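**Q** Structure of the sequence below:
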Amino acid sequence: MQQSEKEIFLTHIAQTSPFPFLLEIESAKGIYLYSSDGKPYMDLISGVAVSNLGHQHPKVIEAIKKQLDKHMHIMVYGEYVQSASNQLAKLLCDHLPKHLNSVYFCNSGAESIEGALKLAKRVTGRTQMLAFRGAYHGSTHGALSISSNENKKYRFRPLLPDVGFLRLNNHDDLSFITERTACVVIETVQGDAGIRIPEKKFLEALRQKCNETCTLLIMDEIQSGIGRTGKLFAFEHFGVEPDILCTAKALGGGLPLGAFIANKNQMSLFTKQPMLGHINTFGGNPMSCAAAVATLEVILEGNFLSEVERKGAKFEELISHPAIVEVRRKGMMFAFEFESDEIVNKIVQECLANGVICFWFLSCPNSFRIAPPLTINDEEIDKACEIINNAIKKVVQ
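**A** Sure thing, here's the model as predicted:
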């Protein structure tokens with residue numbers, strides 16, 4: 001007997017939870033996903049902060065097809081001169097502080113974190129790494145080590161040693177940063193913790209403490225970067241610059257791509273003692289880099305970024321109910337907090353039944369998230385907010 005698509009998925013695809021959404025997606029366009037029965041779903045999470053330009057953006061598709069006609073993978077990372085990765089590196093560096101002038105491409109956000117941690121240890125010769133409570137940086141061993149949620153970690157210990165956690169916006173905790181600290185890793189906007197935003201004065205004090213102790217400051221912009229907050233990168237809101245910047249998710253325009261970016265002198269340490277101190281096969285894949293160039297070009301055009309804040313404010317104004325405990329937002333990153341995770345789960349399921357995809361936070365289950373495509377228009381915002389408000393009203397009688 002022939003298996004259905006769902007049966008194959010559940011039988012032969014490794015599962016990450018007992019409760020997958022199980023939507024059978026046939027195609028995608030703009031802010032919509034279309035199921036195999038033709039039903040449209042508004043993707044208000046952008047594939048979890050990946051599809052910032054929506055799905056199948058014509059300029060991204062054109063760039064991919066053009067690169068496809070040239071070549072796909074031809075060599076492991078860093079050996080051949082390739083136009084797509086050159087263009088992307090130059091475009092990124094042209095829009096970053098001058099000291100962030102060397103890009104190491106990889107395949108994902110977790111890989112960018114892994115590379116950044118190695119670079120910090122190589123540059124400083126130190127071992128201590130500090131992160132923040134509530135942090136999520138990925139699920140590989142190194143990234144998991146500096147992530148905060150113990151429920152996701154305990155089955156995989158021992159993890160990396162010499163890791164500690166600070167409290168966000170707590171100035172007293174900055175005293176834990178010393179001359180033995182290799183790096184402090186911070187999400188410029190905490191994502192999985194439920195959109196927690198650092199105070200400007202705290203980030204300034206953190207930067208100063210890292211300067212005093214010659215500690216590298218790593219900013220994780222895997223979720224908050226590539227226009228999501230109304231700036232190309234969220235650190236631009238705070239006037240504080242990282243020593244190493246991590247990016248991924250939306251960078252590839254829907255294709256797998258990550259990068260960590262640092263100073264050329266520091267990055268060059270990977271080339272010696274030992275040579276090939278950091279290496280991967282598919283980093284800087286030409287298809288992904290071509291898609292990323294097109295993505296950045298669209299985001300950097302005209303008033304695209306200023307529209308992100310306007311649209312975000314519109315969402316915040318329209319989604320309203322007395323049961324909402326708190327709304328936390330930066331640009332178009334949202335957390336809507338309720339009294340319990342049970343309420344949130346019911347709201348998410350009700351929205352899904354009515355064609356709107358929202359999601360929850362692993363480390364903040366009593367809040368639901370939206371991170372809509374930045375290309376969403378006002379009419380689509382109105383429609384989405386009406387469905388979400390109706391779902392809240394139905395769940396919270």
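
**Q** For the host helix or strand of residue 209, give me every contacting residue.
**A** Under the criterion of DSSP states H and E, residue 209 resides in helix 200-213. For helix 200-213, contacts defined as CB atoms under 8 Å, 6 or more residues apart in numbering pick out 168-171, 174, 177-179, 181, 184, 186, 215-217, 237-241, 243. Glycine gets a C-beta too; all of them are placed from N, C-alpha and C.

**Q** Stretch 150-164 too?
**A** By CB under 8 Å, 6+ apart, the surrounding residues in contact with stretch 150-164 are 127-131, 139, 141-142, 144-147, 176, 362.

**Q** Which of the residues you listed fall in strands?
**A** 128-131 (DSSP state E).

**Q** Considering the residues you listed, which is situated nearest to residue 20?
**A** residue 131 (29.0 Å; CB to CB).

**Q** and the closest residue to the closest one other than its chain neighbours, how far is that from residue 325?
**A** In space, residue 131 comes closest to residue 146 once its chain neighbours are excluded; the distance is 3.9 Å by CB to CB, 6 or more residues apart in numbering. According to CB to CB, to the nearest Å, residue 146 stands 29 Å off from residue 325.

**Q** Neighbour count: those two, which is higher?
**A** Between residue 146 and residue 325, counting by other CB atoms under 10 Å, residue 146 is the more crowded of the two (26 against 11).

**Q** hang on, the more buried one packs against residue 116?
**A** No: checked against CB atoms under 8 Å, the pair residue 146 and residue 116 is beyond contact range at 10.1 Å.

**Q** what residues are shared contacts of those two?
**A** Common contacts of residue 146 and residue 116, defined by CB under 8 Å, 6+ apart, comprise residue 185.

**Q** in whichever strand or helix holds residue 386, what counts as buried?
**A** Secondary structure from DSSP H and E places residue 386 in helix 378-395. With burial defined by 16 or more other CB atoms under 10 Å, the residues of helix 378-395 counted as buried are 380-381, 384-385, 387-388, 391-392, 395.

**Q** same thing with stretch 335-348?
**A** 335-338, 343-348.

**Q** Check the gap between the residue nearest to residue 131 and residue 203 for me.
**A** 18 Å.

**Q** cool, residue 329 as well?
**A** For residue 329, the distance to residue 203 - CB to CB - is 18 Å.

**Q** Quick check: end-to-end length of stretch 360-378?
**A** Distance between the boundary residues of stretch 360-378 (CA to CA, to the nearest Å) amounts to 24 Å.

**Q** likewise stretch 277-293?
**A** Terminal residues of stretch 277-293 are spaced 27 Å apart (CA to CA).

**Q** Which pLDDT value goes with residue 17?
**A** Looking at residue 17, its pLDDT reads 86.

**Q** That one: what secondary structure?
**A** Assigned with DSSP: H, G, I helix; E, B strand; the rest coil, residue 17 falls in the coil class.

**Q** Run through the residues that contact it.
**A** With CB under 8 Å, 6+ apart, residue 17 has no contacts at all.

**Q** Apply 10 Å and report the result again.
**A** Contacts for residue 17 (CB atoms under 10 Å, 6 or more residues apart in numbering) come out as residue 362.

**Q** Residue 16 too?
**A** Residue 16 makes contacts with residue 139, as judged by CB under 10 Å, 6+ apart.

**Q** Next, work out how far apart it and residue 118 are.
**A** Between residue 16 and residue 118 the computed distance is 26 Å (CB to CB).

**Q** swap in residue 397?
**A** From residue 397 to residue 118 the distance is 53 Å (CB to CB).

**Q** same deal with residue 103?
**A** From residue 103 to residue 118 the distance is 16 Å (CB to CB).

**Q** The two: which is more packed in?
**A** Set side by side, residue 103 and residue 118 show more neighbours around residue 103, with 22 against 16, by other CB under 10 Å.

**Q** How about that one: which residues does it bridge to?
**A** residue 261 (DSSP bridges).

**Q** Adding distance to residue 309 and pLDDT as columns, could you present the buried residues of helix 378-395 in TSV?
**A** Listed next are those as TSV, based on distance: CB to CB, whole Å; pLDDT from 0 to 100:
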residue	distance to residue 309	pLDDT
380	17	98
381	13	98
384	18	98
385	17	98
387	23	98
388	20	98
391	25	98
392	24	97
395	29	96
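
**Q** which of these sit farthest apart?
**A** 380 and 395 (22.7 Å).

**Q** in what helix or strand does residue 217 lie?
**A** Element membership for residue 217 (DSSP H and E) is strand 216-220.

**Q** list the helices and strands that strand packs on?
**A** Packed against strand 216-220 by the contact rule (3 or more CB pairs under 10 Å, 6 or more residues apart in numbering; DSSP states H and E) you find helix 109-124, strand 128-132, strand 181-187, helix 200-213, strand 244-247, strand 258-262.

**Q** and if we set it to 6 Å?
**A** When contacts are defined as 3 or more CB pairs under 6 Å, 6 or more residues apart in numbering; DSSP states H and E, strand 216-220 sits against strand 181-187, strand 244-247.

**Q** tell me what the longest one is packed against?
**A** So the one you mean is strand 181-187. Where contact means 3+ CB pairs under 6 Å, 6+ apart, strand 181-187 is packed against helix 109-124, strand 128-132, strand 216-220.

**Q** Name the stretch among those that sits most buried.
**A** strand 216-220 (a mean of 28; mean count of other CB atoms under 10 Å).

**Q** by how many degrees do that one and strand 258-262 diverge?
**A** If you take axes from the mean of the first three to the mean of the last three CA atoms, to 10 degrees, strand 216-220 sits at 150 degrees to strand 258-262.

**Q** Put the alpha carbons of strand 216-220 into PDB.
**A** C-alpha atoms of strand 216-220 as PDB (Å, rounded to 0.1, in the frame of the first residue of the first chain):
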ATOM      1  CA  LEU A 216      35.700  40.000  22.800                       C
ATOM      2  CA  LEU A 217      32.100  41.000  22.500                       C
ATOM      3  CA  ILE A 218      30.100  38.600  20.300                       C
ATOM      4  CA  MET A 219      26.700  39.800  19.100                       C
ATOM      5  CA  ASP A 220      24.300  37.100  17.900                       C
END
